[in-house]
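In: Coordinates for the following, if possible.
(2 chains)
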2 protein chains.
Amino acid sequence: MTSEKIVTAAMLAIGDELLSGRTKDKNIGHLADMLTLAGIDLKEVRIVADDEPAIVAALNGLRGQYDYVFTSGGIGPTHDDITADAVSRAFGVECIHDPDAMALLGAMYERRGMEFTEARRRMARMPNGARHIPNAVSTAPGFIIGNVHVMAGVPQVFQAMLDALLPQLESGAIVQSRTVRSPFGEGDIGGPLGEVQKAHPLTSIGSYPKFDGKSFSTDLVIRARDEALLDAAEADVKAMIETIATAKKGA
Amino acid sequence: MTSEKIVTAAMLAIGDELLSGRTKDKNIGHLADMLTLAGIDLKEVRIVADDEPAIVAALNGLRGQYDYVFTSGGIGPTHDDITADAVSRAFGVECIHDPDAMALLGAMYERRGMEFTEARRRMARMPNGARHIPNAVSTAPGFIIGNVHVMAGVPQVFQAMLDALLPQLESGAIVQSRTVRSPFGEGDIGGPLGEVQKAHPLTSIGSYPKFDGKSFSTDLVIRARDEALLDAAEADVKAMIETIATAKKGA
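Out: Numbering: from 1, shown residues only, chains lettered A, B, ... in the order given. Okay, here's the model as predicted:
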């Protein structure tokens, strides 16, 4: 049976533009996909504004509750990029111009013949003692302090940082899933499906309705960390659909 | 000057499928857009699983902090639709089969010649004393209790419910915005832009980098609730860009 390790995570997406509707977030869904593949359970997501007290409160609410926290946004060169300050405040450490990040960025701008402005130097700021998350796209690193992983908001950069990060994370037993397509809508299967779920408490059965313009059908997604549990639940879900089909024919 | 009313809101999106990556949320961005148009400030978003304690904790964390809370998901007919129970628990009231919702749904299924199954009856469940949010798409209503507005997760239904709801909400002074396009990247403008922001504390200036494959430019979005404040900040942002352009030509 499944006594395998469960690893939990939360995400904190930071940015006024996500809350005003100007930018439609793409990082939450990507992180969700990647963590599912890695066997890490994403349990909660929060989106807050570029507002230091809001970031600090959310971060301190999340980092004690879950194994990992991932953030997106607010690590660029402008005045509204305050994530490094907020994370430093949350951990009670100084926010510094990290010497290794300064060297990395300084060399990059020198190669490109560009001035290493004060704004660009802001991208080297991080909590004292943080470790880098490398960034193959635009050089400026993300960072790790404690169980908090701070990444960029631009999706291409967020994805590159996450790719660099994932192999370093402890992953849990991977949740496997099977999808059974039901030709009946949730109104027909909801009652019996609740009974099947009760009979398989270590398995999670999700129900996702579809409408083709004429009638409803349902995708039933069975999830478990153990193959035998999956087999048993899948068999009962299929038997349930047979029973409903037979009853409908008789009616 | 602006002494106009500020109305705040939070969203709670509910559903395992959002956290596993199976479904990519579309409701957060839509709500953000609509609230911005209505002059309501969306301050925070949370996503939690179909898990009663998680929903109750998030809801009780949010409803005391903001004027309005909007939820999506978990009000369908299956066993994993537990939002009505969780909201009732959060408010300490009984979750009942609402008589008006029962009548509405019963009549609809009778018209369609469909059985009003136990699963379908679940869609009439809501906290005792809740008011309906009408649903032109699929009949089953959302509901309002206190400052919490409970809506469906299916985007078409969420949007229909929000359309029905918005005219009833108290709205605040509308945030207006102007976008100034800067031909320079954030690394060039970040320093001076921070000074402009400091000089205009009642105005929020957001900076959104763009990369065309060759070079960076930036969209500068100036937001305020007052036309005169917007004018003043916009003039300073434009002057800043002129100054940088002149300096670049001289260099």
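In: By mean pLDDT, point me to the weakest helix or strand of chain A.
Out: Within chain A, no helix or strand scores below strand A:204-211, which has a mean of 87 by mean pLDDT, DSSP states H and E.
In: How about residues contacting the longest helix seen in chain A?
Out: Longest helix in chain A, counting residues (DSSP state H): helix A:227-250. The list of residues contacting helix A:227-250 from outside it, by CB atoms under 8 Å, 6 or more residues apart in numbering or on different chains, reads A:2, A:176-178, A:180, A:182-184, A:188-189, A:192-193, A:196, A:199-200, A:202-203, A:205, A:220, A:222-224. The way it works is simple: take the backbone N, C-alpha and C, and place the C-beta from them, glycine included.
In: Name the nearest residue to the residue of the stretch 151-251 of chain A found nearest chain B, sequence neighbours excluded.
Out: When distances are taken as CB to the nearest CB, the stretch 151-251 of chain A reaches nearest to chain B at A:G190, 2.5 Å away. The spatially closest residue to A:G190, leaving aside those adjacent along the chain, is B:A119, at 2.5 Å (CB to CB, 6 or more residues apart in numbering or on different chains).
In: what's the burial count for A:V148?
Out: Other residues near A:V148 number 21, with proximity taken as other CB atoms under 10 Å in any protein chain shown.
In: wait, I meant A:G153
Out: Other residues within reach of A:G153, judged by other CB under 10 Å, total 25.
In: Now name the helix or strand holding it.
Out: If you go by DSSP states H and E, A:G153 is not part of any helix or strand.
In: can I assume it is in contact with A:I14?
Out: Yes: if you go by CB atoms under 8 Å, A:G153 and A:I14 touch, sitting 7.2 Å apart.
In: okay, and the common contacts of the two?
Out: Each of A:72-74 lies in contact with both A:G153 and A:I14 under the rule CB under 8 Å, 6+ apart.
In: can you confirm A:H132 is in a strand?
Out: Yes: according to DSSP: H, G, I helix; E, B strand; the rest coil, A:H132 belongs to a strand.
In: what is it paired to in the beta sheet?
Out: Under DSSP bridges, the beta-bridge partners of A:H132 are A:F143.
In: could you dump stretch A:142-150 to PDB, C-alpha only?
Out: Output for stretch A:142-150, consisting of C-alpha atoms alone and laid out as PDB, is shown next (Å, rounded to 0.1, in the frame of the first residue of the first chain):
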ATOM      1  CA  GLY A 142      16.200  33.900  -9.500                       C
ATOM      2  CA  PHE A 143      17.100  32.900  -6.000                       C
ATOM      3  CA  ILE A 144      16.300  30.400  -3.200                       C
ATOM      4  CA  ILE A 145      16.100  31.100   0.500                       C
ATOM      5  CA  GLY A 146      14.900  28.600   2.900                       C
ATOM      6  CA  ASN A 147      12.100  26.700   1.100                       C
ATOM      7  CA  VAL A 148      11.200  29.700  -1.100                       C
ATOM      8  CA  HIS A 149      12.100  29.700  -4.700                       C
ATOM      9  CA  VAL A 150      11.900  33.200  -6.400                       C
END
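In: Next, the buried residues of that stretch.
Out: If you call a residue buried by 16 or more other CB atoms under 10 Å in any protein chain shown, then stretch A:142-150 has these buried ones: A:142-146, A:148-150.
In: Please apply the same query to stretch A:29-40.
Out: By neighbour count, and taking 16+ other CB under 10 Å as the criterion, the buried residues in stretch A:29-40 are A:30-32, A:34-36, A:38-40.
In: what's the closest of those residues to chain B?
Out: The shortest separation between chain B and any of those is 3.5 Å, and it belongs to A:A32 (by CB to the nearest CB).
In: Would you write out the ChimeraX command that picks the buried residues out of the contacts of helix A:227-250?
Out: Per 16+ other CB under 10 Å, the buried members of the contacts of helix A:227-250 correspond to this ChimeraX selection:
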select /A:180,182,184,188,189,192,193,196,200,203,205,220,222,223,224
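In: near chain B, anything from stretch A:179-188?
Out: Yes: in this structure, stretch A:179-188 sits against chain B according to CB under 8 Å from any CB of the partner chain; the contacting residues are A:186-188.
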